[in-house]
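Colleague: Attaching a predicted model along with its sequence, questions to come.
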Protein chains: 2
Amino acid sequence: MSESSGILIGVDLGGSNVRAGALTPGGEMISWRETPIQAALGPQAGVQRISDLITSVVADSQQPLLGIGVGSTGPLDRERGRIQNPYTLPGWEDVDIVNQLRESFHVPVAFENDADAAALGEAWQGAGRGALAEGLPRLVMVTIGTGVGTGIVLDGKIYRGVGGMHPEGGHFILDPTGPACYCGAHGCWESLVAGPAIAAFARQAGGIESSQLCALCAGHPEQIEAAQVFEAARQGDALARRIVDRTADYIALGLVNLIMLYLPDIIVLTGGVMRSYDLMEAHIREVIARHDVVVPARQVQIQMAQLGQQAGMYGAARAAQLLATASDA
Amino acid sequence: MSESSGILIGVDLGGSNVRAGALTPGGEMISWRETPIQAALGPQAGVQRISDLITSVVADSQQPLLGIGVGSTGPLDRERGRIQNPYTLPGWEDVDIVNQLRESFHVPVAFENDADAAALGEAWQGAGRGALAEGLPRLVMVTIGTGVGTGIVLDGKIYRGVGGMHPEGGHFILDPTGPACYCGAHGCWESLVAGPAIAAFARQAGGIESSQLCALCAGHPEQIEAAQVFEAARQGDALARRIVDRTADYIALGLVNLIMLYLPDIIVLTGGVMRSYDLMEAHIREVIARHDVVVPARQVQIQMAQLGQQAGMYGAARAAQLLATASDA
């Protein structure tokens, strides 16, 4: 495959919007577009919408198409190339997106979980770019937002588990006395540090009526959200600060677990909760340093993601490139 | 490298004994010998003792030597080929075993942590053999005994972390309210399920004077050991059964964490505590099944190790073979 001409399309399919970007084989984003997916119109209309978006981005670039990668909100069946997602894409069950795109565009079509695609994007052109160039091949990306997801990139490739499935590094058990989670566990990492978990803990905290938090939520503590907890902590509210410290502690202990098990060269952080990383960084680094005994925990770089919401497009394009290269070989 | 002639030597260096086995490239153990390491005589005498052992096992086999692998009790510095172990090998600090063996025998010398060597041995010729032959390439070996150790084999090779270091899958945090561990954590897996942890919990349990446990330890509850707890549970003692159930629960939750993070094809169990697996298996399988929601946890095979105390020799020999093959290429 030539490195000098042609483009790769990276598609990032979420529950609300779909984005498609045209990237050079060297990893430069030439152009990208976004459109609402309007999942309720059904998968047939949705796949057509994605095809139209790809067509327009390819037309923008005026270059031959080398491959398409799709990073999709899960669950999905990678082996069969199908979306199985009635949760965030209502009505999208057993949607054969890979074959449809392959038949429309006549190029290899890669298909990945969105967390894996984002991790691959950051490893290729984002926070991991320097590390990988230095021969440090193990990257774990952690997204802490509405949920907690991980993507593992080893030696430049997405790590997969049994049957090609995606491990769920947000659902290891960290505190068996913690809240019940839909994953079947009590006190998994997501149940302790995701945005809704932070908000739930704040709502149940004593002393909320006399705190700054109550003012921020206009006297409706039952409607507090995680962002308001971080905002109140910034304003110096003692209760909010305690909740943030508790969150930082659980985030740090979870990162220690990733370090004990993967001992990666770099952990890349992203997601809505991580927008308040500055409020938690000192505590997180202190906890990690305390666990630098049986493994060199402090050698693990902790960095913020660099590609923002474009990471999924970068990673999907990279997955297409890896697939096309493998097909050539 | 020819598959049909010559032998690989696998050395398993522990704190009390050293074993050396001669294996064919196909993975058949031809002969092996064992001798006390007598660590207190110092590393110079010790390395000589290891060399003599290798010489005698090579002589037994009457075949040309292709390579040597050493699986050693850690800590060790793999990159520099040195043992750094004043803990279980008193006086053995910065011992350059790899270069000394290479100069004595003029063959490639591989050097691995003992947990990694055992995992590689089980993957090659033990519990993982069938799985790997079926193209299921992810194996995690868990040793629960005096401590808790893990070895990770991906695609037939030992997985290593930052700087080539060994991850410590026995020290992820599972219950922050648990006991303090030398690793810096409170409530890491080892602090909850290793033999000494089981014994410590039994000693502190209420009601011990009226239990079968007290008879087994001749009226000295402060001297109870984990094996006696399992023995009393077998005899139907209610307190011992409760302690075994608690241990099974923590073992299961730890296995769930390995499943969430690695989603391996197979987990291989070994170690002194695992000799009582039959008392815990039903509970462990029930807990794992309960967490089969976001990952296909029940697809992960859970098997007992098959090579016993020879796993380290098998794995060290396999490491030597992989190194010799890489050197040829």
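Modeller: Yes, it's here.
Colleague: and the residue in the stretch 1-150 of chain A positioned nearest to chain B, how many neighbours?
Modeller: Across the stretch 1-150 of chain A, no residue is closer to chain B than residue A:138, which sits at 6.6 Å (C-beta to the nearest C-beta). Using the backbone N, CA and C atoms, a C-beta is placed for each residue, glycine as well. A total of 25 residues lie near residue A:138 under the criterion other C-beta atoms under 10 Å in any protein chain shown.
Colleague: How much space separates the spatially closest residue to it that is not a sequence neighbour from residue A:69?
Modeller: Counting by C-beta to C-beta, 6 or more residues apart in numbering or on different chains, residue A:138 lies nearest to residue A:264, which is 4.0 Å off, once chain neighbours are set aside. When C-beta to C-beta, to the nearest Å is the yardstick, residue A:264 and residue A:69 sit 23 Å from each other.
Colleague: more neighbours, those two?
Modeller: The residue with more neighbours, out of residue A:264 and residue A:69 and counting by other C-beta under 10 Å, is residue A:69; that gives 32 against 25.
Colleague: who's that one bridged to?
Modeller: residue A:10, residue A:110 (DSSP bridges).
Colleague: That one contacts residue A:13, doesn't it?
Modeller: No: here residue A:69 lies out of contact with residue A:13, judged by C-beta atoms under 8 Å, at a distance of 10.9 Å.
Colleague: How about the contacts made by the residue most central in space within chain A?
Modeller: Here the mean C-alpha position of chain A is nearest to the C-alpha of residue A:115 (C-alpha atoms, centre = their mean), at a distance of 3.8 Å. The contact partners of residue A:115, taken as C-beta atoms under 8 Å, 6 or more residues apart in numbering or on different chains, are A:74, A:141, A:143, A:149, A:150, A:151, A:166.
Colleague: How confident was the prediction at the fifth one?
Modeller: The pLDDT attached to residue A:150 in the predicted structure is 96.
Colleague: all strands for chain A, in order.
Modeller: In chain order, chain A shows strands spanning A:7-13, A:17-23, A:29-36, A:65-72, A:76-77, A:82-85, A:92-95, A:109-113, A:138-144, A:148-154, A:157-158, A:266-270, A:301-304, with DSSP state E as the criterion.
Colleague: for those strands, which one ends up most surrounded?
Modeller: Stretch with highest mean neighbour count among those: strand A:7-13 (a mean of 29; mean count of other C-beta atoms under 10 Å in any protein chain shown).
Colleague: quick one: that strand to strand A:17-23, angle?
Modeller: When axes from the mean of the first three to the mean of the last three C-alpha atoms, to 10 degrees is applied, the directions of strand A:7-13 and strand A:17-23 differ by 160 degrees.
Colleague: Tell me what the residue of the stretch 1-150 of chain A closest to chain B is bridged to.
Modeller: residue A:154.
Colleague: mind listing what it touches?
Modeller: By C-beta under 8 Å, 6+ apart, residue A:138 lies in contact with A:153, A:154, A:262, A:263, A:264, A:265, A:266, B:161, B:162.
Colleague: Quick check: of these, which lies closest to residue B:283?
Modeller: residue A:262 (28.0 Å; C-beta to C-beta).
Colleague: my read: that closest one touches residue A:152, true?
Modeller: Yes: taking C-beta under 8 Å as the definition, residue A:262 is a contact partner of residue A:152 at 6.9 Å.
Colleague: Need the overlap of contacts for the two.
Modeller: Between them, residue A:262 and residue A:152 share the neighbouring residues residue A:140, with contact defined by C-beta under 8 Å, 6+ apart.
Colleague: which residue sits closest to the residue of the stretch 201-329 of chain A found nearest chain B, ignoring its sequence neighbours?
Modeller: Residue of the stretch 201-329 of chain A nearest chain B, by C-beta to the nearest C-beta: residue A:263 (2.3 Å). Once flanking residues are discounted, residue A:263 sits nearest to residue B:161: 2.3 Å by C-beta to C-beta, 6+ apart.
Colleague: Isn't that neighbour up against residue B:152?
Modeller: No: counting by C-beta under 8 Å, residue B:161 stays clear of residue B:152, with 9.4 Å between them.
Colleague: Now for these two: what residues contact both?
Modeller: Counting by C-beta under 8 Å, 6+ apart, the shared contacts of residue B:161 and residue B:152 are residue B:167.
Colleague: So what's the residue count around the residue of the stretch 101-250 of chain A found nearest chain B?
Modeller: As assessed by C-beta to the nearest C-beta, chain B sits closest to residue A:161 within the stretch 101-250 of chain A, at 2.3 Å. Taking other C-beta under 10 Å as the neighbour definition, residue A:161 ends up with a count of 22.
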